[in-house]
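A.B. asks: give the three-dimensional model of this entry:
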Amino acid sequence: MKLPMKSLVIAGIVLVAMSIEAVIIFSLMPAAPAAATDKDQQETAEAAGAEGVAPIDDLAEVVIDSFNCTNNLVAPGSVLHLSFKVIGVVPAKQQITFEENANRTHKTRVRQAIERIARSSSLEDLNDPSLSTIKRLIREETNKILGRSYVTEVVITDFRMIEQ
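C.D. replies: Model (predicted):
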């Protein structure tokens, strides 16, 4: 079986093109990381702190307020009484500014937003052991009201739910 010359030329061009593509891809791909040592991990943590992802030591917990409210939407014909305390986790550098804005300047609007979230939550959200949806909504609404992304995490403590 003899291949025509034209087919050999086309196969050669395709082979050269594929080789060039492979060289370009390998030169643009980042190198695989080597096994990280303690020093490498420390440098990575310091770099993460510089990029805006605060290490745990650089975070502060600020009490926003304690809440007592009802939710009539969960079960028709019954009332659900909710009691909880909300704490905002913020970068330590922004603790004073956040506390001033959340607990003095915009206190009423922040309280209103948190109570609205609790009153409109579904039974599924309220029965979630980590309350992740409620925490996310509180974080988003608080940051929206304050006009900056202060809150990195919301902690809800003393959560009680009583159905009547």
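
A.B. asks: against which helices or strands is the longest helix anywhere in the chain packed?
C.D. replies: Scanning the chain for the helix with the most residues, using DSSP state H, yields helix 5-28. Contact partners of helix 5-28 among helices and strands, from 3 or more C-beta pairs under 8 Å, 6 or more residues apart in numbering; DSSP states H and E: none. Any C-beta I mention is one placed from the backbone N, CA and C, and that applies to glycine too.

A.B. asks: what does stretch 9-23 contact?
C.D. replies: Residues outside stretch 9-23 that contact it (C-beta atoms under 8 Å, 6 or more residues apart in numbering): none are found.

A.B. asks: average pLDDT for that stretch, rounded please.
C.D. replies: Average pLDDT, stretch 9-23: 88.

A.B. asks: okay, that stretch in PDB with CA atoms only?
C.D. replies: C-alpha atoms of stretch 9-23 as PDB (Å, rounded to 0.1, in the frame of the first residue of the first chain):
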ATOM      1  CA  VAL A   9       2.400  16.200   3.100                       C
ATOM      2  CA  ILE A  10      -1.000  16.800   4.800                       C
ATOM      3  CA  ALA A  11      -0.100  14.300   7.600                       C
ATOM      4  CA  GLY A  12       3.300  16.000   8.000                       C
ATOM      5  CA  ILE A  13       1.600  19.500   8.300                       C
ATOM      6  CA  VAL A  14      -0.900  18.200  10.900                       C
ATOM      7  CA  LEU A  15       1.900  16.600  12.900                       C
ATOM      8  CA  VAL A  16       4.000  19.800  12.900                       C
ATOM      9  CA  ALA A  17       0.900  21.900  13.900                       C
ATOM     10  CA  MET A  18       0.100  19.500  16.800                       C
ATOM     11  CA  SER A  19       3.700  19.600  17.900                       C
ATOM     12  CA  ILE A  20       3.700  23.400  18.000                       C
ATOM     13  CA  GLU A  21       0.400  23.400  19.900                       C
ATOM     14  CA  ALA A  22       1.800  21.000  22.500                       C
ATOM     15  CA  VAL A  23       4.900  23.100  23.000                       C
END
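
A.B. asks: quick check: residue 131 touching residue 159?
C.D. replies: Yes: taking C-beta atoms under 8 Å as the definition, residue 131 is a contact partner of residue 159 at 6.9 Å.

A.B. asks: so for those two, which residue has more residues nearby?
C.D. replies: Legend: neighbour count by other C-beta atoms under 10 Å for residue 131 and residue 159, higher for residue 131 (19 against 14).

A.B. asks: with adjacent residues omitted, what lies nearest to that one?
C.D. replies: Nearest residue to residue 131 in three dimensions, chain neighbours excluded: residue 156, at 5.3 Å (C-beta to C-beta, 6 or more residues apart in numbering).
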